[in-house]
Structure formats: C-alpha cells, structure tokens
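**Student:** Requesting a structural model of the entry that follows:
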Amino acid sequence: MGSYELPAQKNKAKPRVIVMTDGEIDDHSSMIRFLLYSCDIEVLAIIETNSMFQKTGHSDEDWYEQQLEAYQQVYPNLIKHNPDYPSYEKLRNISYIGDEDYDHLKNLRELKKDLVPGYNITFKPDDWADTPGSDAIVNILLNSDPSPVYIQAWGGGNTAARAFYKLKTKYPEQYDRAVAKVVMYNIWYQDGAGNYIEQTHPKITMLYCASFAGTWNYGSQKNTHDLIENDVKNNHGPLGSLYPQDYVSEGDSPAFLYTIKNGLRGYENPTYGDWGGRFEKSDKAKNVYTDAKDDGDIKKPLRRWIEDANRDFQARMDWCVAKYEDANHAPVVVVKGKENITVRSGEKITLNASKSSDPDGNDMQFDWWQYKDAGSYDGLVELQDSEKAHAYFVAPVVSKPKTIHIILEVNDDGSPVLRSYERTIITVKPKVSSQ
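**Tutor:** Next up is the predicted model:
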C-alpha cells in the first residue's frame with residue numbers, strides 16, 4: 001500500500017464536494033442518485049461542463065433544472081428520514097455553468113491511449129475566459145477551511161484547470177494552501193485537463209478511475225431492470241420518474257460514492273477502498289492514483305459493493321414517498337475505541353460493536369472481515385467470533401510495522417436489506433525484545 005498524506009480534516013465533518021457534469025444521459029441517472037445522498041456530504045457546487053463526448057455540454061437544456069424541481073417536490077418527505085438534506089434554494093444557489101467551449105477540445109487525442117496519467121499536456125488554459133463555474137472553484141478553495149475538497153469530473157475537467165491556473169497566477173501567496181486540499185476524482189480524462197493538472201499543479205491529488213467501465217457504465221448492470229422499473233421510475237415520486245434509462249447505468253456515480261460517509265472511510269485515503277473503488281499510486285505522474293486490484297481483479301474494488309449501494313439507493317427512493325415508519329434505514333454501527341490503533345505482535349485485539357443499533361428496531365447480523373488488499377500486512381489473521389458483535393484476533397508476528405484493515409458489516413433484516421460498515425485500522429509493530 002502506498003503512502004498518502006491526508007490534508008487536515010475534521011474527523012466528524014461531512015466530505016466537501018464539487019460536482020462537474022457534462023450532462024450525458026448517464027449523468028442524468030447519476031444526478032438523481034447524487035441528490036438522494038446530498039444529506040451525507042456538504043455540496044459546495046454543481047457545475048455543468050462539456051467533455052470530449054459532449055463537446056458543447058448540455059446547459060442549454062433543462063434536464064438539471066427539472067431534476068432540482070422534482071427534488072424540491074420530494075424534499076418535504078426526504079427530511080422526515082434525514083433532516084440534513086439541503087433545500088432546493090441551497091442547491092439552486094450553488095449551481096453554475098463552467099467550461100463548455102468546443103475550441104478547448106480541439107487538440108484531444110485517443111482517449112484510452114493518450115488521455116491517461118503521465119501523457120503529454122495538450123493545452124494550457126492561460127488565455128481562456130473565466131466562467132462562473134471556475135470562479136466558484138477559486139472562491140471555495142480560497143476559503144480558510146483546511147479540510148479536503150473533493151472535486152469530481154463526471155465529464156471534462158477544463159473548468160477546474162482554469163480555476164487552478166487563476167489561483168496560481170492571481171493568488172500566488174494562497175495557491176499552495178488552496179490546491180493542496182484538492183482531491184480530484186476523474187471518470188477517465190475526458191478532456192486535456194487531467195494531464196495539465198497532474199503536471200502543472202502537482203500538489204493536487206488526482207484519482208483516475210477507468211474501472212467504472214464494466215461495473216457502473218452502460219450495459220454493466222442489466223440485471224437491475226426490475227429495480228429501476230419498480231423502485232425508481234414508478235410509484236416513487238417525481239424525481240425517480242425522471243430516471244432516463246431502463247437499468248442502472250451510472251458511469252459517473254463512483255465519483256460521489258467515493259465520498260459517502262458510510263463507515264468505510266475510503267475518502268480518507270485513496271488506497272483504502274469503498275463504494276467509489278480503491279486506488280494505488282501511479283508511477284506515471286506525481287500525486288496521481290489509478291485503479292488498484294483486489295485479488296488481482298481491477299474491477300472488484302467497485303464491483304464488491306454494487307449490490308449494497310443499489311439496495312441503499314432503493315431505500316432512499318422509498319424515502320421520497322414513504323412515512324418514516326414505512327421505510328427502512330441503515331443500521332447505526334458503533335465500534336468501541338479508536339478507529340486507528342497500534343499494537344505489538346502477539347497482543348490480543350478485541351473489537352466490540354455491541355452498542356450498534358437499528359433505527360427501525362430490525363434484527364442485525366454482524367460480519368467482521370479483513371480487507372487484505374487495503375493493508376500492508378501480506379497475510380490473513382484468524383478472526384474469532386467474526387459473526388458476533390464481539391470479535392478478536394491475535395496480532396501476527398511482523399519484522400517491521402504493518403497495517404491490517406478490519407471491516408465490520410452490519411446487516412438489518414428490513415426491506416430492502418441495508419448494510420452499514422465500520423473500518424478499524426490496526427498498525428502492528430514488532431514485539432519488543434526482552435533482552
């Protein structure tokens with residue numbers, strides 16, 4: 001597992017998120033899901049852009065406005081289930097138009113060959129015009145809050161590229177502080193911004209996701225037709241009725257699923273892994289991370305969570321129309337002690353989740369397991385009582401410090417069945433010699 005220096009972060013604060021969307025049809029689907037998770041993050045801006053696939057963008061259409069209006073209609077019911085949903089007015093006031101200039105895409109080359117980490121820069125945004133979207137990014141990053149800002153490129157990243165250029169040239173004294181807190185999640189490099197940013201603004205953490213293809217994009221989840229037909233489009237309110245496709249087809253959803261505060265803590269470090277995938281340090285460019293493999297499979301870091309994520313989405317669609325007592329809500333997982341602990345080889349580690357509860361009074365099932373790929377210890381520990389609220393294991397013998405990631409999954413027996421998590425990271429140090 002590669003090293004990663006996390007920017008300053010308030011442990012209990014919600015991840016702060018900026019979305020850039022090129023308005024492709026699967027973005028419409030992802031945005032519906034995103035709005036239902038806006039209670040779990042702090043939405044700072046939603047910016048309409050273009051990309052090499054949507055060269056002039058879609059801000060001249062009203063797809064996004066229609067979704068916001070539908071969200072406004074279901075909002076009174078959503079806050080019965082979670083009072084943290086932002087109002088329509090809040091979301092409308094932080095919606096912007098970014099870069100949709102076709103001329104900024106003219107020098108693009110082949111997507112999968114050339115628009116990848118480490119390749120040559122195709123442009124510099126020095127003489128581009130600022131946009132409301134790029135200026136919004138500038139203003140957000142100039143804010144004194146030191147916690148990370150997760151900028152998501154569902155389409156192209158040119159709007160962010162212009163913002164970073166402006167920060168560097170107009171605010172040089174604040175530039176380093178501003179860009180160091182950026183974690184930019186890229187669904188491919190869909191314009192030239194990725195290569196420009198990784199090489200010109202190397203303090204920015206760049207995540208390059210290609211594994212969405214074959215897991216979340218077109219044709220990947222055709223078995224979800226009944227879910228979309230019965231639990232999204234029909235009898236679930238005006239927002240779900242806008243879902244434009246016949247099955248889950250949301251190539252951009254991993255970008256915001258990465259920031260969901262569900263206990264997996266993936267957004268704390270690209271190498272941890274969560275609903276948005278798992279990443280490893282690239283050797284092609286500084287501070288760039290690309291898709292990691294779980295058990296040798298590059299798609300497994302995303303695929304392993306898809307069923308959980310879709311059941312959770314199904315429950316939130318219920319929230320649009322159902323009373324609190326008629327819908328299901330995920331268990332609340334509480335693991336006693338610190339999230340990160342340090343022990344010596346041979347010590348017994350006891351994990352206690354007995355204070356966990358279910359808001360609906362449902363029965364819960366516990367499952368503790370080791371996320372081996374996320375840790376640096378290259379072996380499996382013997383977890384005892386892994387299906388109980390208490391579990392334990394003995395720290396293995398190591399010759400130098402190693403990390404072990406233990407995931408607790410707690411299922412309820414509601415409808416749909418929902419799952420919550422907690423991750424405990426154990427650093428094991430060598431046993432102190434008695435001599």
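
**Student:** quick check, Tyr165 in a helix?
**Tutor:** Yes. Counting by DSSP: H, G, I helix; E, B strand; the rest coil, Tyr165 is part of a helix.

**Student:** Relative to Arg311, how far out is it?
**Tutor:** Distance from Tyr165 to Arg311, counting by CB to CB, to the nearest Å: 42 Å. In short, each C-beta sits where N, CA and C put it, glycine included.

**Student:** likewise His28?
**Tutor:** Using CB to CB, one gets 22 Å for the distance from His28 to Arg311.

**Student:** Surely Gln199 is in contact with Lys284?
**Tutor:** No. Judged on CB atoms under 8 Å, Gln199 makes no contact with Lys284 at a distance of 10.3 Å.

**Student:** average pLDDT across the helix or strand harbouring Leu302?
**Tutor:** Here Leu302, judged by DSSP states H and E, is contained in helix 300-303. Averaging pLDDT along helix 300-303 yields 98.

**Student:** Need the contact partners of that helix.
**Tutor:** Defining contact as CB atoms under 8 Å, 6 or more residues apart in numbering, one finds that helix 300-303 is touched by 211-212, 215-216, 254, 273, 275-278, 291-294, 297, 373.

**Student:** which strands and helices sit next to the helix or strand just after it?
**Tutor:** Later in the chain than helix 300-303, the nearest helix or strand by DSSP H and E is helix 306-319. Under the contact criterion of 3 or more CB pairs under 8 Å, 6 or more residues apart in numbering; DSSP states H and E, helix 306-319 touches helix 25-36, helix 63-81, strand 419-429.

**Student:** Tell me which residues are up against the first one.
**Tutor:** Where contact means CB under 8 Å, 6+ apart, the residues beyond helix 25-36 that reach it are 19, 21, 63-64, 67-68, 71, 78, 91, 154-155, 217-218, 232, 239-240, 242-245, 248-253, 256, 313, 316-317, 319-320.

**Student:** can you rerun that using 7 Å?
**Tutor:** With contacts defined as CB atoms under 7 Å, 6 or more residues apart in numbering, helix 25-36 is touched by 19, 21, 63-64, 67, 71, 154, 217-218, 239-240, 242-245, 249-253, 256, 313, 316.

**Student:** Filter those down to the buried ones, ChimeraX style.
**Tutor:** Selection of buried members from those for ChimeraX, criterion 16 or more other CB atoms under 10 Å:
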select :19,21,63,64,67,71,154,217,239,240,242,243,245,249,250,251,252,253,256,313,316
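
**Student:** Can you pull up the most central residue in this structure?
**Tutor:** Taking CA atoms, centre = their mean, the centroid of the chain lies closest to Tyr258, which sits 1.5 Å from it.

**Student:** what about the strands in this protein?
**Tutor:** Per DSSP state E, the chain carries strands over the ranges 16-21, 42-48, 95-97, 149-153, 182-187, 205-209, 279-281, 288-291, 340-344, 348-352, 364-370, 390-394, 402-412, 419-429.

**Student:** how big is the angle separating the last one from strand 340-344?
**Tutor:** I take that to be strand 419-429. 40 degrees (axes from the mean of the first three to the mean of the last three CA atoms, to 10 degrees).

**Student:** swap in the second one?
**Tutor:** Angle, strand 42-48 to strand 340-344, by the same axes, to 10 degrees: 120 degrees.

**Student:** partner residues bridging Ser357?
**Tutor:** With DSSP bridges as the criterion, Ser357 is bridged to Val332.

**Student:** how close does it get to Ser420?
**Tutor:** For Ser357, the distance to Ser420 equals 10 Å [CB to CB].

**Student:** Then Val232?
**Tutor:** On the measure of CB to CB, Val232 and Ser420 end up 22 Å apart.

**Student:** ok, what's across the strand from the residue nearest to Ile41 when sequence neighbours are not counted?
**Tutor:** Spatial nearest neighbour of Ile41, chain neighbours left out: Val17 (4.7 Å); criterion: CB to CB, 6 or more residues apart in numbering. Here Val17 sits in beta bridges with Val43, Tyr150, going by DSSP bridges.

**Student:** count of neighbours near Val17?
**Tutor:** Counted by other CB atoms under 10 Å, the residues lying close to Val17 total 26.

**Student:** Next up, the contacts around it.
**Tutor:** Applying CB under 7 Å, 6+ apart, the residues contacting Val17 are 41-44, 150, 152, 256, 259.

**Student:** That one and Ile140: what is the separation?
**Tutor:** When CB to CB is applied, the distance between Val17 and Ile140 equals 10 Å.

**Student:** got any residues that touch both of those two?
**Tutor:** Taking CB under 7 Å, 6+ apart as the criterion, Val17 and Ile140 both touch Leu44.

**Student:** What helices and strands are in contact with the worst-scoring helix or strand of the chain on mean pLDDT?
**Tutor:** Averaged element by element with mean pLDDT, DSSP states H and E, the chain has its least confident helix or strand at helix 111-114 (a mean of 74). Helices and strands touching helix 111-114, as assessed by 3 or more CB pairs under 7 Å, 6 or more residues apart in numbering; DSSP states H and E, are absent.
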